[in-house]
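K.L.:
next comes the sequence, and after it the predicted model I'd like to discuss.
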Amino acid sequence: MSIVDKYLRRINRLRISVTDLCNLRCVYCRPESGLDLAQHKDILTYEEIVAVVRHAVKLGIKSFRLTGGEPLFRKNIEYLLRMLGNVHGIEDLAITTNGIFLKDYARVLKEIGLFRLNISLDSLEDSKFERITRGGKLRDVMDGIEEVLRLGFKNTKINIVAMKGINDDEFEEFAKLTLERDLEVRFIEYMAMNKDRLDSEDKYIPMAEIIDIVGKRNDLIALPPPMLGSGAAKIYKIRGAMGILGFVSAVSQPFCNSCNRLRLTSDGKLRSCLLSGGEVDLKTILRNNPTEERLTDAFLRAAHLKPPVHSGKGHVVMHEVGG
Ligand code: SAM
């Protein structure tokens, strides 16, 4: 069986937020204090997450990404990782992490057969990194990156949220990480989703400008997108570099027409879109007579709710849905 939405997009990916908790409080993602977080009883258990994944596989969803909050911050995450590593039929299992605990988990991720990692990294300067993340240590992330490279992970992406006046002076340096490392350094357009926050729309830099800045002193060559997980990124390479560069334009050129994913929030909502569209309460089904028919119906309803394009300005709380 496979799921096709109203606009003939085939749904074959599920992004799973395993927790809304995070060890960091990045300025563009969370307020400094006062978050309304879910209670533990409302967060899906590991067994429930695995039940959803098993059912999704039956529906033709074979690609999964764990996110959060910070997925490696949830207690006993190794237990979930090992269970997922044993689910038959998964073709692509990935994680998005801030990398702080990566050094400790890289080996487990390798053992369970994780395919790919996305690591968020918004500055290469210790003090700026600490300011952006409100307390994170850059060294931890860099050690984590070196460890995953040492273990031979392929297609590792370093995600940089591009912010005017904050890290645009480092774009060229970020790009140079690819010179001798097998990494994809990816620049992501900043999404200003909640105007009350410290971050505001004046931080936004459109993709074309990001490419100009990166290419100022780097000799860039445009490449066709690679097959696996390339999503909607525009791909370049610095001439002679080992790794590649990706540029993601979720704001200036939304790629909704090729969107093939649903999202599972940590409190068990099956969401049709990051920014808009509706959601289906999967947790209630999981906790009350979760028959195959009812689970399938929930996935079909969520797919049906996918909008043709996102409205661009939803009030999204990244820590709930996962970026
Ligand atoms: N804790 C993990 C991490 O840091 O990667 C996973 C969760 S985080 C919400 C997932 C992604 O969302 C990160 O790559 C982060 O940079 C991105 N993100 C969060 N807020 C964003 C914003 N306002 N604009 C663009 N990307 C954002």
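P.N.:
Now that the structure is in, tell me what you want to look at.

K.L.:
pull stretch 62-77 out as CSV, backbone CA atoms only.
P.N.:
Output in CSV follows, covering the C-alpha atoms of stretch 62-77 (Å, rounded to 0.1, in the frame of the first residue of the first chain):
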residue,chain,number,x,y,z
LYS,A,62,10.2,3.8,4.5
SER,A,63,12.2,6.8,5.4
PHE,A,64,12.3,8.1,9.0
ARG,A,65,14.1,11.0,10.7
LEU,A,66,14.3,11.5,14.5
THR,A,67,14.2,15.1,15.7
GLY,A,68,13.0,17.1,18.7
GLY,A,69,13.6,19.1,20.9
GLU,A,70,16.9,17.3,21.1
PRO,A,71,16.4,13.6,20.3
LEU,A,72,19.7,12.6,22.1
PHE,A,73,18.5,14.4,25.2
ARG,A,74,15.5,12.1,25.9
LYS,A,75,16.3,9.6,28.7
ASN,A,76,17.3,6.1,27.5
ILE,A,77,17.1,7.1,23.9
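
K.L.:
residues in contact with it?
P.N.:
Defining contact as C-beta atoms under 8 Å, 6 or more residues apart in numbering, one finds that stretch 62-77 is touched by 12-24, 46, 53, 56, 80, 84, 89-98, 100-102, 104-105, 118, 266, 319, 322-323. For glycine as for every other residue, the C-beta is placed from the backbone atoms N, C-alpha and C.

K.L.:
could you do stretch 284-294 as well?
P.N.:
44, 48, 51, 52, 55, 58, 268, 295, 298.

K.L.:
what's the end-to-end length of it?
P.N.:
11 Å (C-alpha to C-alpha, to the nearest Å).

K.L.:
out of the contacts of stretch 62-77, list just those in helices.
P.N.:
Per DSSP state H, helices hold the following members of the contacts of stretch 62-77: 46, 53, 56, 80, 84, 102, 104, 105, 319.

K.L.:
I'd guessed residue 222 sits against residue 239; true?
P.N.:
No. Using C-beta atoms under 8 Å, residue 222 is not in contact with residue 239; the gap is 11.5 Å.

K.L.:
hmm, back to that, restricted to strands, list the contacts of stretch 62-77.
P.N.:
Counting by DSSP state E, the part of the contacts of stretch 62-77 found in strands is 13, 14, 15, 16, 17, 92, 93, 94, 95, 96, 97, 118.

K.L.:
separation between the third one and the ligand?
P.N.:
Residue 15 sits 10 Å away from the ligand, going by C-beta to the nearest ligand atom, to the nearest Å.

K.L.:
sounds good, over and out.
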